[in-house]
Each structure stands twice: as C-alpha cells, then as structure tokens.
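Asks: Sequence first, predicted coordinates after that:
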Amino acid sequence: MSGGAGAGRARVWRVEVTALSAAAATEARWVLDREETRRAATFVRAADRELYLVAHVALRVVLAQALGRPAHRVEYGRADCPGCGGPHGRPVAVAERAPEFSLSHTDGLALIALADRPVGVDVERRAVFTGSDGPDIAAQLHPAERAALARLPEPRWADALLACWVRKEAHLKGTGIGLADGLAGHHVGFGPESGSWAGPTPAGPAGWGLAGVPVPAGYGAAVALRSTAGTAPQVRTDDLDLAGALAAARC
C-alpha cells in the first residue's frame, strides 16, 4: 500500500458481528495476547464481549495477512505521544515496514483501517445522535461546527452531527491525541458528502485528509489519513468474512 506525500490511500475492512463471526472469534480467541484476553473477560454482557472478540481477532487476522505471520505472532506497541513525546500515542504493530492501522467498533460492526502513514477510523451508531444525547454531543464541537448545525433544518441535523463526530474522532485517533485534548479546538467540518456546510469553510486539520466510509444503514463512519495535500484520501472498502479468513489461515 504505497503512497507519496499527496492525498494517500487507505484500505478499510468492515466486520459485522453475526452469530457466525462471533462463534469464529470465540473459538480463535487464543490468538489474542494476555492483555486482550484480560479485557475480553471483563465484559459482563455477551454482546459486548462478542463485539470485542470479533474486532480484535479480525484486526490480528488483517495485520497477519499484511505482515506475513500468524495472527498470534502480531505484537503491538505505542507510537510516541504527539503532545509530550511519551510512549502512549496511537497503537502500532511492532514489525519492520508494518502498516499503520486503526480500529473502531460499535454495536454490531467493527472497522479496521490500514495505510502506509498514520490513519484513524471511527464508526458510530446513528441512533445515538438522534436521541436525547444529540444536543450534548453537539455542544462539544468546534464553534464554527456548532454554528453550522444551528442553521440546518431539523431533518438534516442528526446526520450532519454524526458525520462531523466520526470525522473528528477519526482525526484524533490518527494523531494519537485521542479525546483527552478535547473536541472543540479541532475543526473537521461535515464532509462534502453531507451537503451540510453553508458559508465559508474554515480550514480543516492541517496535514490531514478525511473521507466518509460506506457502512450499513444505521451507522456513520469516516477515515482520517495524514497527508500534506490535505485532500480526501482514496479509500478502498471491503467486507471481511472473519470465519472464512480464520479457516483459510488455519487459526
């Protein structure tokens, strides 16, 4: 997955949590490391545990294919924090010429993004943004984003908020800053596909390109890729058959 200094390319896998994928991930949970196994055991609800297992087993399968090694041999580390330089930035695979990756999951669906440069991906359920929590979520946005939302008719409001939120989280995950630095100071907008922006568009995050990711109805997703061009990256999206991939890999 080569690329220069321009917009760049990312590949995103969609992994749905089904009875088949959950059973396959549960059977293959031995590929996880000690910390992942500990985390999986902390979930009380079966649905939460299955989502975690599907997402993290799938990530290992995707990285194993990219690295040419068994899934249980994939090792993780942390990039340097862009804020303080400490070893607690975005997660990375420990291997020579390893691709950058990002993982996001929400009820029933996980997304995995790989690229040759820092990348972030986020997926969310639309229902969260249409309910009573919507105004509280909107209050955390950049002032220009909040002003743009206020000008929208009600039928478009929730979708615009969702589009903005997933772009923002994808960007912050890609930088390795995460949500600890707050959301209001980072402007990402709603994306051209939302058709929600009116008036002059403030500059987006310097050195990053953002794009929407096609996902099933009821979800919203975006990917952020570091790019000197600052334009939307090319995104290839595929569905991962986790049970089939595990069988092929003989995990």
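Replies: Arrived safely. Numbering: from 1, shown residues only.

Asks: Show me where the stretch 151-251 of the chain has its strands.
Replies: Secondary structure of the stretch 151-251 of the chain by DSSP state E, counting those that start in this stretch: the strands cover 208-212, 219-226, 234-239.

Asks: pLDDT on the last one, on average?
Replies: Which is strand 234-239. When pLDDT is averaged along strand 234-239, the result is 96.

Asks: What angle do strand 208-212 and it make with each other?
Replies: Inter-element angle recorded for strand 234-239 and strand 208-212: 40 degrees (by axes from the mean of the first three to the mean of the last three Cα atoms, to 10 degrees).

Asks: swap in the second one?
Replies: Put simply, strand 219-226 runs at 160 degrees to strand 208-212, going by the same axes, to 10 degrees.

Asks: centre of the chain versus strand 219-226, how much separation?
Replies: From the chain centre to the centre of strand 219-226 is a distance of 6 Å (Cα atoms, centre = their mean, to the nearest Å).

Asks: Show me what that strand is packed up against.
Replies: Using 3 or more Cβ pairs under 8 Å, 6 or more residues apart in numbering; DSSP states H and E as the contact definition, the elements that strand 219-226 packs against are strand 9-16, strand 100-106, strand 109-115, strand 119-125, helix 154-175, strand 208-212. To be clear about C-beta, it is placed using only N, CA and C from the backbone, and glycine gets the same treatment.

Asks: Outside of the second one itself, list whatever touches it.
Replies: I take that to be strand 100-106. The contact list for strand 100-106 (Cβ atoms under 8 Å, 6 or more residues apart in numbering) reads 51-52, 54-56, 59, 62-63, 90-93, 110-125, 169-170, 173-174, 219, 221, 223.

Asks: circling back: among the helices and strands packed on strand 219-226, which is nearest V188?
Replies: Nearest to V188, of all the helices and strands packed on strand 219-226, is helix 154-175, at 4.3 Å by Cβ to Cβ.

Asks: Mind listing what's buried along the closest one?
Replies: By neighbour count, with 16 or more other Cβ atoms under 10 Å as the criterion, the buried positions of helix 154-175 are 157-175.

Asks: Which residue, other than its chain neighbours, is closest to the spatially most central residue of the chain?
Replies: The centroid of the chain falls nearest to V121 when counting by Cα atoms, centre = their mean (2.2 Å). Computed as Cβ to Cβ, 6 or more residues apart in numbering, the closest residue to V121 that is not its neighbour in sequence is A113, at 3.9 Å.

Asks: circling back to that earlier point, mean neighbour count, the strands of the stretch 151-251 of the chain: which tops it?
Replies: strand 219-226 (a mean of 28; mean count of other Cβ atoms under 10 Å).

Asks: Done for today, thanks.
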